[in-house]
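**Student:** sequence plus predicted model, see below.
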Amino acid sequence: MLKKIVICLILSLLAFVTISCSNSSESDSLAGPAASARRPAPNTIKEPVVHTLWTVTDGVTLRLKQDSYPPDTETITLVLENHSDSVILYGQSCSFEKYENGKWSELETVPDASYSAAGNTLFDHDQCTLSISTDCLKTHPLSEGTYRLTGSALTAMPYDPVQLYGCGMRGQYYPPYQLEFTISDTAPEDAATVPEEHLSRWQLPEKDDWQWYTPTDCVKMYKDADMEPFYYPEGENGLMAVVYGDNKDNAVSGMKAGDLLLMDIFDRKTGERYKVFPEPLVEYPGTEEVYPYLDGFEAKCGDMLFYCFINSADKVEITLLNPAAGTGSNDTLRS
């Protein structure tokens, strides 16, 4: 009997505890905001994710040279790398934002502030640096914190000198880039851009292993050697046919029918030059001025008249146009 009484008391005690816990939970839920206020609220202001690398498309990236700058920095330096076969067109217009109180707020600029609207070209298999000035911002020096740089849209297009320089802009457009950086008192100064090299005659600038030399590198090399290249059609794999006068006085504007010309092949991958003809050519005297074709040119050596261009296999193709003066047939030579 005593045993039964003890068991009943234990069961009654358990039932009371269960009802008390249930009532407590129910009262908390009915209390609403008042009860919630007694609990610590989660932190609603999250730190932003910092992106220092922006992928434009396959093989094309834009990155910050460093991810943190001091408050008095005057420039933010970016590196644009193009490992693709396309030419990249880009601008330098941009805007700045700062992350405060859980959101991005655009920074004001000084009156009449503006960035250059000029377009820039980055050739295939090459890289360049962009220096973005902070002088246009109304708040300067910048306070510590996280900032976002939003730039201009970029365009990728096949390298075609005719299309690239004035005959239509049919390319693939990509949205404006966005990169984040921090301002800190302990950050180093902006890494200075490497100064331009002073090159000797027929010398090319240093390049990384993956980079190709640009048409600009090639033309500058000839000009530094007192030659005046005026025509350089290019194949699909980095070979350029460079036609130039035999001295610096034979510039484009001064070339006349009958002037002596030379022709080299320049390999943009390696920087090597190859002579196409061992002797200077004479431009075909059909007109008073020199008017080369878009993909090749006519020239003669002695009494033989040739048509020269780079074919689809990246070979220099030289066709004899007046067989009576040569071998008696329309021979085509390839180098």
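**Tutor:** Ah, there it is. Numbering: from 1, shown residues only.
**Student:** what ranges do the helices span in the stretch 151-300 of the chain?
**Tutor:** Listed in chain order, the helices of the stretch 151-300 of the chain (DSSP state H, counting those that start in this stretch) span 161-164, 215-224.
**Student:** how about the last one: buried residues?
**Tutor:** Going by neighbour count (16 or more other Cβ atoms under 10 Å), the buried part of helix 215-224 is 215, 217-219, 221-222. C-beta: built from backbone N, CA, C; applies to glycine.
**Student:** what does it contact?
**Tutor:** 123, 161, 199, 201-205, 228-229, 232, 234, 240, 242, 244, 248, 266, 268, 271 (Cβ atoms under 8 Å, 6 or more residues apart in numbering).
**Student:** for PyMOL, write a command that selects the buried ones of these.
**Tutor:** Per 16+ other Cβ under 10 Å, the buried members of the contacts of helix 215-224 correspond to this PyMOL selection:
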select buried, resi 123+161+204+228+229+232+234+240+242+244+266+268+271
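**Student:** out of the contacts of helix 215-224, which sit inside strands?
**Tutor:** Counting by DSSP state E, these place 229, 240, 242, 244, 266 in strands.
**Student:** farthest-apart pair in these, please.
**Tutor:** Farthest pair in the ones in strands among the contacts of helix 215-224 (Cβ to Cβ) is M240 and Y244. Separation: 11.5 Å.
**Student:** L137 and E144, how far apart?
**Tutor:** According to Cβ to Cβ, to the nearest Å, L137 stands 15 Å off from E144.
**Student:** which of those two has more residues huddled nearby?
**Tutor:** Set L137 next to E144 and count neighbours by other Cβ atoms under 10 Å: L137 wins out with 18 against 12.
**Student:** partners of the more buried one in the sheet?
**Tutor:** T109 (DSSP bridges).
**Student:** same check, this time on L89
**Tutor:** Note on L89: beta-bridge partners by DSSP bridges are T121, T155.
**Student:** from now on call the first residue 18
**Tutor:** Shifting the count to begin at 18 puts that one at L106.
**Student:** contact partners for it?
**Tutor:** Here L106 is in contact with 136-139, 171-174, 186, 188 (Cβ under 8 Å, 6+ apart).
**Student:** repeat for S103
**Tutor:** Taking Cβ under 8 Å, 6+ apart, we find S103 in contact with 77, 141, 173-176, 188-189.
**Student:** please tell me how far it sits from L221.
**Tutor:** Computed as Cβ to Cβ, the S103 to L221 distance reads 23 Å.
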